[in-house]
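Asks: Build me a structure from this.
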Amino acid sequence: MWLGSWHSPRRAPHTIDRLTIAGILALGPRQRVEVMEVRVLQVIENKVVQVQGTPVELKKFEVCDATGQTGLTVWDRLIMAVELGKCYTFSSLSTRKDGDRTVLTTTPSSVVTTTGQVGQPASISVMPVRGEETLRGPVTGVQIVAKPRCPRCHAGQEKLDVKLSTHRCERCSILQRHNGICNYLFWTAYCGWGRREERSMVLSNSAVFAFVRERFLSGSAHDGPALEETVIAIPEVEVTINAEGLVVRFAEATVQGGQGNTSRQSRRYFEATLQTGREAFNRVVCFSPEKRDEFVHAADNGQSVKLVGTRKSISYSNLGGFDVLVSSSSRLDVAGELAFPRRAPHTIDRPTIAGILALGPRQRVSVSLL
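Replies: Model (predicted):
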């Protein structure tokens, strides 16, 4: 067969650099959108689906810009970065069809950042949303289990060795750094609602981390036992359950007639700083408020103490360090003389960047304007 000089033109797959929503609505499915600026209008649905045997959370939104309105499905880790009423720049999105309408979805390589004001069309369609139920009552029990999984294929990892710096996914075989492995927290809370029977419920991952963020518990975000201690100490919780039976909001119940119970002073834990060496300091999180007097007495009298029955947790405020978690079963004993002199940790109230550059490591900065 003679083909002559005919050439098939080469081209890359369809990629749209920066489109408006009007442009998105004109596209077909499976088109990659590099950059998209949108305003979040409405939360439509929040649910957990199985992806290769692993539960993965997704959240559907209605979004808009000045040219139109469409749907956006946000998956997994990006859910916590998106809030109702705010404007965002998304990169590496993909299109798909939802009936006759072209909608957007995030991909494993998507990135989301906040942006300036994004316009909205002259008229906005309010989409139907299935109802939610809000309940309030005491927590009678809680079980939290952290399951490691691959951030690429979402497969659960059964043979993760925390002593190694890398891990090869048991499904897709990609070698990753150990700190790149994601944890999916399975929460089951048992709550009693007045005279009604005790009710068990499963929390969405985004509800879990919203709770962690609101209560400044990022240092214990993946420590199941520490979070269990925190939850069981809450006298009363308020939960919102969607039509799928999933808890989408879990928070301490507000005080009737007040503004809530969310300040550091009213939380059911307190923090302290422990000197463990000449230049070594560790954050202490105590989930037993009645032990506060023991800590204050030891600090005021300059006593050396020995903490018994504690746990360590990765510290997010001191990279490479750890936090000490104290529970109701822990014990504070008076110790003898230390092998190092006592001193308070270095604290700089309001330095400049030039001052920061002149400091050594592990210096605490209370206030800095950037």
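
Asks: hey, let's count contacts and neighbours off CA atoms from now on
Replies: Fine.

Asks: Where does pLDDT dip in the stretch 151-300 of the chain?
Replies: Where the stretch 151-300 of the chain drops to pLDDT under 70, the residues are 154, 162, 178-199, 216-223, 255-268.

Asks: residue boundaries of the helices in the stretch 101-250 of the chain?
Replies: For the stretch 101-250 of the chain, the helices defined by DSSP state H, counting those that start in this stretch cover 205-214, 224-232.

Asks: chain center to the longest one, what's the gap?
Replies: Here helix 205-214 shows a centroid-to-chain-centroid distance of 6 Å under the convention Cα atoms, centre = their mean, to the nearest Å.

Asks: Who are the packing partners of it?
Replies: Other elements packing on helix 205-214 under the criterion 3 or more Cα pairs under 8 Å, 6 or more residues apart in numbering; DSSP states H and E are strand 182-191, strand 246-252.

Asks: quick one: buried residues of it?
Replies: 205-212 (16 or more other Cα atoms under 10 Å).

Asks: got it, and stretch 242-255?
Replies: By 16+ other Cα under 10 Å, the buried positions in stretch 242-255 come out as 242, 246-253.

Asks: ok so, going back, what would the helices of the stretch 101-250 of the chain look like in a markdown table with distance to Thr73?
Replies: Formatted as a markdown table, the helices of the stretch 101-250 of the chain follow (distance: least, Cα to Cα, whole Å):
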| stretch | distance to Thr73 |
| --- | --- |
| helix 205-214 | 14 |
| helix 224-232 | 29 |
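
Asks: Between those helices, which one is closest to Gly137.
Replies: Closest to Gly137 of those, according to Cα to Cα: helix 224-232, at 12.1 Å.

Asks: Compute the inter-axis angle for that closest one and helix 205-214.
Replies: 80 degrees (axes from the mean of the first three to the mean of the last three Cα atoms, to 10 degrees).

Asks: Only C-alpha atoms, please: export helix 224-232 in PDB.
Replies: Extracted in PDB, the C-alpha atoms of helix 224-232 (Å, rounded to 0.1, in the frame of the first residue of the first chain):
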ATOM      1  CA  GLY A 224      -6.900   7.900  67.700                       C
ATOM      2  CA  PRO A 225      -6.600   7.400  71.500                       C
ATOM      3  CA  ALA A 226      -5.900  11.100  72.200                       C
ATOM      4  CA  LEU A 227      -8.900  12.200  70.100                       C
ATOM      5  CA  GLU A 228     -11.000   9.600  71.900                       C
ATOM      6  CA  GLU A 229     -10.000  11.200  75.300                       C
ATOM      7  CA  THR A 230     -11.000  14.600  73.900                       C
ATOM      8  CA  VAL A 231     -14.400  13.500  72.600                       C
ATOM      9  CA  ILE A 232     -15.400  11.600  75.700                       C
END
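
Asks: what about Met80, how many neighbours?
Replies: Residues near Met80, counting by other Cα atoms under 10 Å, number 16.

Asks: What of Glu294?
Replies: Applying other Cα under 10 Å, we find 12 residues neighbouring Glu294.

Asks: can you tell me which residues contact it?
Replies: Leu332 (Cα atoms under 8 Å, 6 or more residues apart in numbering).

Asks: State whether it is indeed within a strand.
Replies: No. Counting by DSSP: H, G, I helix; E, B strand; the rest coil, one finds Glu294 to be helix, located in no strand.

Asks: From Val305, how far off is it?
Replies: 10 Å (Cα to Cα, to the nearest Å).

Asks: and for these two, which residues touch both?
Replies: Shared contacts of Glu294 and Val305, counting by Cα under 8 Å, 6+ apart, come down to Leu332.

Asks: Skipping adjacent residues, who's closest to Glu238 in space?
Replies: Arg136 (4.4 Å; Cα to Cα, 6 or more residues apart in numbering).

Asks: May I ask you to confirm that the one you found is in contact with Ile241?
Replies: No. In this structure Arg136 lies outside contact range of Ile241 using Cα atoms under 8 Å: 11.1 Å.

Asks: Pull out the buried residues from stretch 53-62.
Replies: Across stretch 53-62, burial judged by 16+ other Cα under 10 Å covers 54-62.

Asks: how about the helix or strand that contains Leu58 as PDB, C-alpha atoms only?
Replies: Per DSSP states H and E, Leu58 falls inside strand 54-65. Extracted as PDB, the C-alpha positions of strand 54-65 are listed here (Å, rounded to 0.1, in the frame of the first residue of the first chain):
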ATOM      1  CA  THR A  54     -11.300   1.900  50.300                       C
ATOM      2  CA  PRO A  55     -13.900   4.500  51.500                       C
ATOM      3  CA  VAL A  56     -13.300   7.900  49.900                       C
ATOM      4  CA  GLU A  57     -15.200  11.100  50.700                       C
ATOM      5  CA  LEU A  58     -16.600  13.400  48.100                       C
ATOM      6  CA  LYS A  59     -18.600  16.700  48.300                       C
ATOM      7  CA  LYS A  60     -20.700  18.200  45.600                       C
ATOM      8  CA  PHE A  61     -21.000  22.000  45.300                       C
ATOM      9  CA  GLU A  62     -22.700  24.500  43.000                       C
ATOM     10  CA  VAL A  63     -20.200  27.100  41.800                       C
ATOM     11  CA  CYS A  64     -20.400  30.100  39.500                       C
ATOM     12  CA  ASP A  65     -18.600  33.000  37.900                       C
END
